[in-house]
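**Q** Give me a model of this one.
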Amino acid sequence: MPPPRLVQLAPRLLAATYAVGALALVVSGIRLWRTYCENFGCIGVGIAWFAWAIGYALLLLVGALALRLQPGRARVLLRMGLVAQGVAGALLLGYWAVQAVG
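**A** As a prediction, the model looks like this:
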C-alpha cells in the first residue's frame, strides 16, 4: 500500500499535470496550426499533428483519472477542462474531416 502522504498528494499532482499539459497542448496546437508547409515539409507537420493527437489522448486519460480522484470543488474545474478539451478535439477532428473530403 502506498504511503498516506502520497495518497493525499496524488489527486493534486494529477490535476496540476493536467493543467500544465492542457496549456502545452493549446500552445503547441496553435503553433502547429499556424505552421506553413509546402511539398515535403508537410510530412513533418503531419507527424507533429500525429504526436499532438497522442498527447491529446494521454492528457484526456490523465484528466479523467484526476477527475475520479479529486475531491471537492476542484472537480468542477477539472470537469470544465475535460469538456473544453473534448469540444476542441471534436472541432479539430471535424475540420480535418471536412478538409480531407473536400
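**Q** Can you show me the helices along the protein?
**A** Taking DSSP state H, the helices of the chain run over residues 4-33, 41-69, 74-101.
**Q** any idea of the angle the second one forms with helix 4-33?
**A** On the basis of axes from the mean of the first three to the mean of the last three CA atoms, to 10 degrees, helix 41-69 is oriented at 150 degrees to helix 4-33.
**Q** so where's the protein uncertain?
**A** Across the chain, the stretches falling below the confidence threshold (pLDDT under 70) are 2.
**Q** quick one: the residue nearest the centre of the chain from residue 93, how far?
**A** Computing the C-alpha centroid of the chain and ranking residues by CA atoms, centre = their mean puts residue 56 first, at 3.6 Å. Spatial separation of residue 56 from residue 93 under the definition CB to CB, to the nearest Å is 10 Å. Using the backbone N, CA and C atoms, a C-beta is placed for each residue, glycine as well.
**Q** same check, this time on residue 9
**A** For residue 9, the distance to residue 93 under the criterion CB to CB works out to 35 Å.
**Q** repeat for residue 11
**A** With the distance defined as CB to CB, residue 11 ends up 30 Å from residue 93.
**Q** Give the residue from those two that has the larger number of neighbours.
**A** The residue with more neighbours, out of residue 11 and residue 93, is residue 11; 20 against 11, by other CB atoms under 10 Å.
**Q** what sits against the more buried one?
**A** 66, 69-71, 74 (CB atoms under 8 Å, 6 or more residues apart in numbering).
**Q** could you redo the last one with a cut-off of 7 Å?
**A** 66, 69-71 (CB atoms under 7 Å, 6 or more residues apart in numbering).
**Q** Can I get stretch 73-80 in PDB, CA atoms only?
**A** Output in PDB follows, covering the C-alpha atoms of stretch 73-80 (Å, rounded to 0.1, in the frame of the first residue of the first chain):
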ATOM      1  CA  ARG A  73     -14.800  21.900  -5.700                       C
ATOM      2  CA  ALA A  74     -11.800  21.200  -7.800                       C
ATOM      3  CA  ARG A  75     -13.800  18.500  -9.600                       C
ATOM      4  CA  VAL A  76     -15.900  21.300 -11.300                       C
ATOM      5  CA  LEU A  77     -12.800  22.900 -12.800                       C
ATOM      6  CA  LEU A  78     -11.500  19.600 -13.900                       C
ATOM      7  CA  ARG A  79     -14.800  18.700 -15.500                       C
ATOM      8  CA  MET A  80     -14.900  22.000 -17.300                       C
END
